[in-house]
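>>> pasting the sequence and the predicted coordinates here, then a few questions.
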Amino acid sequence: MIGRAVAYGAVTIINAISCGLGAALGVDLKTEATVKITSEPGRIEGRILSDPSESTILIEKVVRYILKRFNLEDQYGAYVETRSNIPIARGLKSSSVAANAIALATLSAIGEEIDDLAVINIGVDASIEAGVTVTGAFDDACASYFGNIVITDNYERKILGRFYPEEDYAVLIWVPLEKVYTSKSDIGRMRLISGEVKALHKMVLLGDYWRAMTINGILYSVVLGYNPNIAVDALAAGAIAAGLSGKGPAVAAVVPRDKISDVHAVWEKYGGEIIKTKINREKAHVL
């Protein structure tokens, strides 16, 4: 009984931590999960092959939720491996993506299916219980699962809108070496801008998502003490939107193809890694 699945990455358009309203853009980074069901009830082990030093508590929570849903927790355990090209603890939704992939792989391993939102909500519940999210990151989980732009109310776990950008934009992501865990973020400071973020969320619902992404990113950068010039430099080099992703420290930029080298060049002075990817339009799925 082995299941495999893949889910895709996402970056922030509206960070929901301040008020529970969010929006995210799916990007073509990915996490693959392999789940082997064992005959050892209660024993769930995992390895994050791409970053073995990281905690596997989210793996354990997701698998346990799935087994419990089908009354199998007293019959089976599991061994899980994940492999990803998404840097952990940089604001790039690595936990939401992993939860989606692990949930789908576990379902495949036990030969069961549930609807898309049920899969997402299991990952959100597990993420909250594992302490890797503040609002449940329903927006990030939906963008990871469905791709394109998804706008949500995270507290109500409702999808409020979706957009499918037609342009073939690249997405560049500046990733510093520093890790920042959501559980250690300054939630109080982020809530100071809840009114402004609600206004930006309305902009996204009206379709002005690129402008909102930039303003959101600059606002959160200032509140959390990051350098907003990283995003501004990308805009000056031709990006149509740029801003802090999540609680940072990574910065994402949406870039026309003929401006990729220009944005890359202005970001080189900041060190770290620059990831080049694109908008993801594919759903998470079983392999």
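Perfect, thanks for sending it. Given the structure is predicted, the values throughout are model-derived calculations rather than measurements.

>>> run a quick neighbour tally on the residue lying closest to residue 61 once chain neighbours are set aside.
Leaving aside its sequence neighbours, residue 61 sits nearest to residue 126 (CB to CB, 6 or more residues apart in numbering; 3.8 Å). (Glycine included, C-beta is placed from N, CA and C.) For residue 126, the count of nearby residues is 27 (other CB atoms under 10 Å).

>>> which residue is nearest the middle of this structure?
residue 93 (2.3 Å; CA atoms, centre = their mean).

>>> so who does that residue touch?
9-11, 24, 86, 137, 140-141, 143-144, 245-246 (CB atoms under 8 Å, 6 or more residues apart in numbering).

>>> show me which of the residues you listed are buried.
Buried by 16 or more other CB atoms under 10 Å: 9-11, 24, 86, 137, 140-141, 143-144, 245-246, out of those.

>>> quick one: which of those residues sit in helices?
Among the buried ones among the contacts of residue 93, DSSP state H puts 140-141, 143-144 in helices.

>>> list of residues touching the least confident helix or strand in the chain by mean pLDDT?
Least confident helix or strand of the chain, by mean pLDDT, DSSP states H and E, is helix 187-191 with a mean of 89. By CB under 8 Å, 6+ apart, the residues outside helix 187-191 that reach it are 15, 17-19, 134, 220, 223-224, 247.

>>> right, and the helix or strand after it?
Per DSSP states H and E, the first helix or strand lying C-terminal to helix 187-191 is helix 194-205.

>>> quick one: buried residues of that following helix?
Across helix 194-205, burial judged by 16+ other CB under 10 Å covers 197, 200-201, 203-205.

>>> that one: how far from the chain's middle?
Taking the mean C-alpha point of helix 194-205 and that of its whole chain, the gap between them comes to 20 Å (CA atoms, centre = their mean, to the nearest Å).

>>> contacts for it, please.
13-15, 18-19, 21-23, 149, 151, 160-161, 209, 211-212, 215-216, 219.

>>> residue ranges of the strands in this structure, please?
Assigned by DSSP state E, the chain shows strands spanning 2-14, 21-38, 44-48, 77-84, 149-153, 158-163, 170-175, 241-244, 251-255, 273-278, 285-286.

>>> elements contacting the fifth one?
In this structure, strand 149-153 packs against strand 2-14, strand 21-38, helix 138-146, strand 158-163, helix 194-205, with contacts taken as 3 or more CB pairs under 8 Å, 6 or more residues apart in numbering; DSSP states H and E.

>>> which residues touch that strand?
In contact with strand 149-153 (CB under 8 Å, 6+ apart) are residues 13-14, 16, 20-26, 138-139, 142-143, 158-165, 201, 204-205, 209.

>>> and stretch 251-267, by the same measure?
For stretch 251-267, contacts defined as CB under 8 Å, 6+ apart pick out 11-12, 25, 27, 167-174, 210, 213, 217, 230-231, 233-245, 274, 276.

>>> show me how to select, in PyMOL, the buried members of these.
Selection of the buried residues among these in PyMOL, burial being defined by 16+ other CB under 10 Å:
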select buried, resi 11+12+25+27+169+170+171+172+173+174+210+213+217+230+231+233+234+235+237+238+239+240+241+242+243+244+245+274
